[in-house]
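> When you get a sec, could you give me coordinates for this:
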Amino acid sequence: MPDTPAPEAPDGGPIGYGAALAELEAILDEIEDDAVDVDVLAARVKRAAELLRICRDRITAARIEVTQIVADLDPS
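Numbering: from 1, shown residues only. Predicted coordinates:
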């Protein structure tokens with residue numbers, strides 16, 4: 001079974017939310033195809049799980065940051 005790449009952007013930095021989401025959508029399209037190789041399927045599902053964690057972490061971080069910004073704007 002082939003190894004899945006680490007969750008990085010092409011420049012070697014951490015993958016952004018948009019790129020992770022796009023890759024996740026591409027994986028979903030691929031695994032929905034009945035012709036996907038079973039040996040590849042497990043690797044794609046593993047990569048999708050990594051990308052989901054990245055997206056959830058980014059959403060959580062953004063939510064916390066927005067909450068802090070809004071709290072700083074509250075004069076009371």
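
> For Ala48, the count of nearby residues, please.
19 (other C-beta atoms under 10 Å). Every residue, glycine included, has its C-beta placed from N, CA and C.

> Also the one 4 residues further on?
For Leu52, the number of neighbouring residues by other C-beta under 10 Å comes to 13.

> Could you grab the helix/strand/coil label for it?
Three-state assignment for Leu52 (DSSP: H, G, I helix; E, B strand; the rest coil): helix.

> From Asp29, how far out is it?
16 Å (C-beta to C-beta, to the nearest Å).

> the helices in the chain, which residues?
Secondary structure of the chain by DSSP state H: the helices cover 17-32, 38-73.

> Does anything pack onto the longest one? Which helices or strands?
Contact partners of helix 38-73 among helices and strands, from 3 or more C-beta pairs under 8 Å, 6 or more residues apart in numbering; DSSP states H and E: helix 17-32.

> which other residues reach the helix it packs on?
Contacts with helix 17-32, where a contact means C-beta atoms under 8 Å, 6 or more residues apart in numbering, come from 7, 9, 15, 36, 41, 44-45, 47-48, 51-52, 54-55, 58-59.

> With mean pLDDT as added columns, please give the helices of the chain in TSV.
As requested, the helices of the chain are exported to TSV (pLDDT from 0 to 100):
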stretch	mean pLDDT
helix 17-32	93
helix 38-73	94
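
> Which of those has the highest mean neighbour count?
Stretch with highest mean neighbour count among the helices of the chain: helix 17-32 (a mean of 14; mean count of other C-beta atoms under 10 Å).
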